[in-house]
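Visitor: generate a structure from the sequence data that follows.
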Amino acid sequence: MAKNTFTLTDNRNGKAYEYNIIDGTRGPSVVDIRTFYKDTGMFTYDPGYTSTASCDSKITFIDGENSELRYRGHDISELAGKHSFLDVSYLLMRGQLPTEQASKNFDLEIRHRSFLNEGIIRLFDALPDGAHPMATMGAATMALAAFYKDHLHLEDEEQFKIMRRRILAKMPTIAAMAYRNSIGTPLIYPDVDKYFTENFLYMLRAYPGGKMKYLGNGKSDEIRQVEVDALDAIFTLHADHEQNASTTTVRNVGSTEAHPYVAIASGISALWGSAHGGANEKVMDQLRMIGDVKNVPSYIAKAKDKNDPFRLMGFGHRVYKNRDPRAEALKGLQDKLREELNLDSKLLDIAAAVEEAALSDDYFKQRGLYPNIDFYSGVILTALRIPTAMFTPIFVIGRTPGWLAQWSELKQDPSAKIARPRQLYTGK
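Guide: Numbering: from 1, shown residues only. Predicted coordinates:
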């Protein structure tokens, strides 16, 4: 009978080393090389961890070859736009979708926990005008550790639940206040009569006293349900994405026994990078650079020229080798918004032309360079009149339940150790 093991042979001396193979419920099996250094005196070398599993997890599954993304076993197409973001957050953090009553209770608690301690709000005043909202969000989230010191030593499941619900509720408030502070407008407090996503849009748009501002055409800027639904779906599609750079950062910091909100603040810092959460900002910058639909063919040609450093932003993905399943959901959402909100934006026209040109070109198809979530999310957020500086903070809001679920899973794993990668030393 075949053994479920993997044998590595050192061809320099003929020594063979046998390691167990661990099979997951989905996806590739792994070779358990935890004793590799002890056995051989060598390290494995894997820059970017492209072939290394750092943990076992029950939260999110990705099959990049088949464009599959699942949260707790649920395909993303079954969740985005069909369940509220708060219900999806509950799923990620608790392992199952809530009952109708549990959903109501969760929603009500999140509404009441959305307020910030006034000491956190005073922190915003200490930051310079024009500070990027991501910088402010990172600072405010880090400061939460000073206000909720009891979360440093969590001893039971109920304490875990309170910790998670607290920061999930406060993140939209932090994000909205960070933006308003950056542009020098009065801060708007949460409204407990409003659902999570509507409340966020309200805190971005409202004037003091709860009044919605007026547009140039004399119409009130009331929040429409289609806008709430669209942003709610974007939050859901960003809610978790397995062991990406920011999630790995949260887990690595969490492994040191740091305060959970410090770990989340570290995730915010990692997400800010343009190669990660800031990518949709770069998409919009590029669309503005293209400037006009008539210029699209020349930029497509530049993207195909191997001697030209120009890269088409928002196409292709490190994990998904074919279509990004999140992008598929957003494509339909973009078309719906354009119709229901009567959008006729020049940037949307340019984006549509870029998408059509790339999808019909064999160069992009042969390389699996399809539109990813960043391409559509940037366009949709622009359609929702979300300031570009808030694109990455919105990513933070969406990703928070995933980070919390990953942190909790790490903390409840008896085999977890402090993160300590090795290196190949090449110095003197």
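Visitor: what packs against the strand or helix carrying residue 405?
Guide: Assigned by DSSP states H and E, residue 405 belongs to helix 391-411. Under the contact criterion of 3 or more C-beta pairs under 8 Å, 6 or more residues apart in numbering; DSSP states H and E, helix 391-411 touches helix 85-94, helix 133-147, helix 157-183, helix 225-237, helix 245-254, helix 260-271, helix 279-290, helix 373-383. Any C-beta I mention is one placed from the backbone N, CA and C, and that applies to glycine too.
Visitor: how far off centre is that helix?
Guide: Its chain's C-alpha centre and that of helix 391-411 lie 7 Å apart, by C-alpha atoms, centre = their mean, to the nearest Å.
Visitor: try stretch 134-141
Guide: Distance, centroid of stretch 134-141 to centroid of chain: 16 Å (C-alpha atoms, centre = their mean).
Visitor: so for it, what's the average pLDDT?
Guide: Throughout stretch 134-141, pLDDT has a mean value of 96.
Visitor: got the CA positions of that stretch in CSV?
Guide: Extracted C-alpha coordinates of stretch 134-141, given in CSV (Å, rounded to 0.1, in the frame of the first residue of the first chain):
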residue,chain,number,x,y,z
MET,A,134,-5.3,55.6,5.7
ALA,A,135,-2.7,57.2,7.9
THR,A,136,-5.4,58.5,10.2
MET,A,137,-7.2,55.1,10.2
GLY,A,138,-4.0,53.3,11.2
ALA,A,139,-3.3,55.8,14.0
ALA,A,140,-6.9,55.7,15.3
THR,A,141,-7.1,51.9,15.2
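Visitor: list of residues touching it?
Guide: By C-beta atoms under 8 Å, 6 or more residues apart in numbering, the list of residues contacting stretch 134-141 from outside reads 116, 120, 123-124, 127, 167, 171, 174-175, 177-178, 181-182, 261, 264-265, 268-269, 271-272, 392-393, 396.
Visitor: how does it look with 7 Å?
Guide: 120, 123-124, 127, 174-175, 178, 181-182, 261, 264-265, 268-269, 272, 392-393, 396 (C-beta atoms under 7 Å, 6 or more residues apart in numbering).
Visitor: go on, stretch 377-385?
Guide: 227, 230-231, 234, 280-281, 283-284, 314, 330, 333-334, 337, 341, 343, 345, 347-348, 351, 391, 394.
Visitor: please save the CA atoms from it in PDB.
Guide: Only the C-alpha atoms of stretch 377-385 are listed here, as PDB (Å, rounded to 0.1, in the frame of the first residue of the first chain):
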ATOM      1  CA  SER A 377     -14.300  48.500  -7.800                       C
ATOM      2  CA  GLY A 378     -12.400  51.700  -8.700                       C
ATOM      3  CA  VAL A 379     -14.900  52.500 -11.400                       C
ATOM      4  CA  ILE A 380     -18.000  51.600  -9.200                       C
ATOM      5  CA  LEU A 381     -16.700  53.700  -6.300                       C
ATOM      6  CA  THR A 382     -16.200  56.600  -8.600                       C
ATOM      7  CA  ALA A 383     -19.800  56.100  -9.900                       C
ATOM      8  CA  LEU A 384     -20.900  56.300  -6.200                       C
ATOM      9  CA  ARG A 385     -19.000  59.600  -5.900                       C
END
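Visitor: next, the buried residues of it.
Guide: 377-384 (16 or more other C-beta atoms under 10 Å).
Visitor: re the thing from before, quick one, which of the helices and strands packed on helix 391-411 is nearest to residue 305?
Guide: Residue 305 lies closest, by C-beta to C-beta, to one member of the helices and strands packed on helix 391-411: helix 279-290, at 15.7 Å.
Visitor: which parts of the closest one are buried?
Guide: Here helix 279-290 shows 279-284, 286-287, 290 as buried, counting by 16+ other C-beta under 10 Å.
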